[in-house]
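>>> Dropping the sequence and predicted coords here.
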Amino acid sequence: MNPTCSTIIGIGSAGLAAITCLHDLGCSGAEIIAVDTDPEALYYARATRKLLLNKQWLNPSLRRSTPVSMQISLERDLARIREATRKDLVVLVGGLGGSTGTRLTPIFAREAKEQGALVLVLPIMPFQSEKQIALLRARRSLRNLAASSDTVMPLSNQALMDIRDGRSLVSRFRILDSLILQILQGLLGLVGNWGRVNLDLADVRAVLGKQFGKTGFIGVCELSNQKFISQKILEVFLNPLRPINPKNVNAAVISVAASQTLNLRDVNTIVDAVAKEIAEDATIKFGVMNDPSLRDVLRVTILGSIIA
């Protein structure tokens, strides 16, 4: 069986900041690509690959009236976009409301989807204090993304500001970076690991694949004490950066990873805890994965399909 080919693409300033953090934290299992139209921004980003695109992508009206030489440049860029997104799984991370992420993320999603990839988008929404035009632009781009990808999971910058404690702005953004890392590690672990009870891309596609009126959810938690399983599972659904009503989850894939062989009783306890939180008639599939790096903890990844 061929391994799943995955890529994570950060687009624009917010996307570059996120994938630089992922790269520094050692996110493995996928190629990490930085994309921008600003060479200086790309210079400071850290990624496996970097794509510098023509600024004309940011202004559709200019693209229709550019000279032949510029059209050739844009076609060359489009070929590079298609090459970068010719994968089994494509994850796009970009900020909405500005220029680069708003314009380019839907283009990457469309090209990836047309080539048969499973496309997951993690758009970072603007602060409420930003200009109204930025908020409107973000919502418009969100609709475009919903039409050209399998699953869109918006992440809120505003939620970072709503956390009521004395954290600095930098530490607040680290919370968002940590959530993105957890989501991606959980997703890549689902499609890239083998275990005694295996899951693969087909299981992920069955939950996240394009379905009218539905969106997706991914949450991760680590368990070091079996007494608090129910509490930890509930916290996965109530993450303040993207809280959901677990009763709206009508299908779930559960991955339980450990450094050593799990007994069936532990697995059943975790699966039952998830089943009690989500819809009563939800379809559930689970897998058991081996991860020597976990040592004395269990990592539970929950992938869900949500009724909008």
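Noted; the coordinates are in hand. Numbers count the residues shown, from 1 in each chain.
>>> Could I get the buried residue list for the lengthiest helix in the chain?
What stands out as the longest helix in the chain, according to DSSP state H, is helix 169-192. Neighbour counts over helix 169-192 (16 or more other CB atoms under 10 Å) mark 172-173, 175-177, 179-192 as buried. Yep, even glycine has a C-beta here, placed from its N, CA and C like the rest.
>>> would C27 count as being in a strand?
No. Under the criterion used here (DSSP: H, G, I helix; E, B strand; the rest coil), C27 is coil, not part of a strand.
>>> Would you confirm that it contacts I8?
Yes. Applying CB atoms under 8 Å, one finds C27 in contact with I8, separated by 7.2 Å.
>>> which residues does G10 contact?
16-20, 32-35, 45, 47, 93-94 (CB atoms under 8 Å, 6 or more residues apart in numbering).
>>> and with 7 Å instead?
16, 18-19, 34-35, 47, 93-94 (CB atoms under 7 Å, 6 or more residues apart in numbering).
>>> Over to K247?
278-279.
>>> L118 and L187 touch, don't they?
No. If you go by CB atoms under 7 Å, L118 and L187 don't touch, sitting 9.8 Å apart.
>>> Mind jotting down where the helices sit in the stretch 101-250 of the chain?
132-148, 157-162, 169-192, 201-208, 229-237 (DSSP state H, counting those that start in this stretch).
>>> I'd like the distance from the one residue sitting closest to the centre of the chain to S171, if you could.
Geometric centre of the chain, nearest residue: L122, 4.5 Å, by CA atoms, centre = their mean. To S171, L122 is 20 Å away according to CB to CB, to the nearest Å.
>>> what's the pLDDT at P60?
Listed pLDDT for P60 reads 65.
>>> could we number from 707 for the rest of this?
Let's use 707 as the start, then, which means that last one is P766.
>>> where in the stretch 907-1014 of the chain is pLDDT low?
In the predicted model of the stretch 907-1014 of the chain, residues 916-920, 932, 946, 967, 1014 satisfy pLDDT under 70.
>>> Flag the shaky bits of the stretch 757-906 of the chain, pLDDT-wise.
Low-confidence segments of the stretch 757-906 of the chain (pLDDT under 70): 766-776, 835-836, 866-873, 875, 898-904.
>>> how is this protein carved up into domains?
Domains of the chain are assigned by automatic domain parsing as 712-890, 907-1013.
>>> Give the residues shared as contacts by C733 and I714.
What both C733 and I714 touch, as defined by CB under 7 Å, 6+ apart, is the set L890.
>>> So between these two, which is more surrounded?
I714 (29 against 17; other CB atoms under 10 Å).
>>> I'd guess that one is in a strand, am I close?
Yes. Under three-state DSSP, I714 falls within a strand.
>>> That one reaches L890, doesn't it?
Yes. Contact criterion CB under 7 Å: I714 and L890 qualify, at 6.3 Å.
>>> what touches both of these two?
728, 797.
>>> Where do the strands of this structure begin and end?
Counting by DSSP state E, the chain has strands at residues 712-717, 737-742, 755-758, 795-801, 824-831, 857-858, 861-862, 901-903, 920-929, 955-964, 989-996, 1004-1013.
>>> list the helices and strands the third one packs on?
For strand 755-758, the elements it packs on are strand 737-742, helix 745-750, judged by 3 or more CB pairs under 7 Å, 6 or more residues apart in numbering; DSSP states H and E.
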